[in-house]
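Enquirer: can you look at this prediction? I've put the sequence above it.
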Amino acid sequence: MNAKTIWLYIVVMAGVTYLIRMLPLALLRKKLRSRFIKSFLFYVPYAVLAVMTVPAIFESTGSVFSATVGFAAAVLLAYRGAALLPVALAACGVVFCTEWMMRLF
């Protein structure tokens, strides 16, 4: 891959990012009244974050089993109301312990 191709990729990505942020401001002049559109726009960041994060969870460890156990621990702690930092630390700890135990057996 040469330097021109890399610069082309960067320019295209910058353009797409700018358009996604600029188009709603340019096209929508008045306040949104549709309840459906408001709820759709409210949940889009959560859906995008989930789509980016969940596959990375299962590909970032040595095995899918340890990733599943860590993911389950994180979901359980988050469901019980734990804050983000304790959930992340506990999930990492569970994955570490699971990987360590898998190497023993």
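Expert: That came through, no problem.

Enquirer: which residues touch the residue nearest to E59 when sequence neighbours are not counted?
Expert: Excluding the flanking residues, the one nearest E59 by Cβ to Cβ, 6 or more residues apart in numbering is A67, at 7.8 Å. In this view, the C-beta of every residue, glycine as well, is placed from N, C-alpha and C. Residues counted as contacts of A67 (Cβ atoms under 8 Å, 6 or more residues apart in numbering) are I57, F58, E59, S60, T61, V95.

Enquirer: narrow those residues to those that are buried.
Expert: Buried by 16 or more other Cβ atoms under 10 Å: I57, T61, V95, out of those.

Enquirer: and which of these is nearest to P45?
Expert: Closest to P45 out of the buried ones among the contacts of A67 is I57 (18.2 Å), distances taken as Cβ to Cβ.

Enquirer: just the pLDDT for the closest one.
Expert: On pLDDT, I57 comes in at 92.

Enquirer: what separation is there between it and F40?
Expert: 25 Å (Cβ to Cβ, to the nearest Å).

Enquirer: could you point out the helix or strand that follows whichever helix or strand T53 is part of?
Expert: Following DSSP states H and E, one finds T53 within helix 35-59. Using DSSP H and E, the helix or strand that follows helix 35-59 towards the C-terminus is helix 64-79.

Enquirer: average pLDDT for the next helix or strand after that next one, rounded please.
Expert: Later in the chain than helix 64-79, the nearest helix or strand by DSSP H and E is helix 84-104. Averaging pLDDT along helix 84-104 yields 95.

Enquirer: follow-up on the earlier one: could you dump the buried ones among the contacts of A67 into CSV with distance to G81 added?
Expert: Formatted as CSV, those follow (distance: Cβ to Cβ, whole Å):
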residue, distance to G81
I57, 21
T61, 26
V95, 22
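
Enquirer: okay, now the spatially closest residue to V69 that is not a sequence neighbour: neighbour count?
Expert: Residue nearest to V69 in three dimensions, not counting chain neighbours: T98, with 4.9 Å by Cβ to Cβ, 6+ apart. Neighbourhood size, T98 [other Cβ atoms under 10 Å]: 20.
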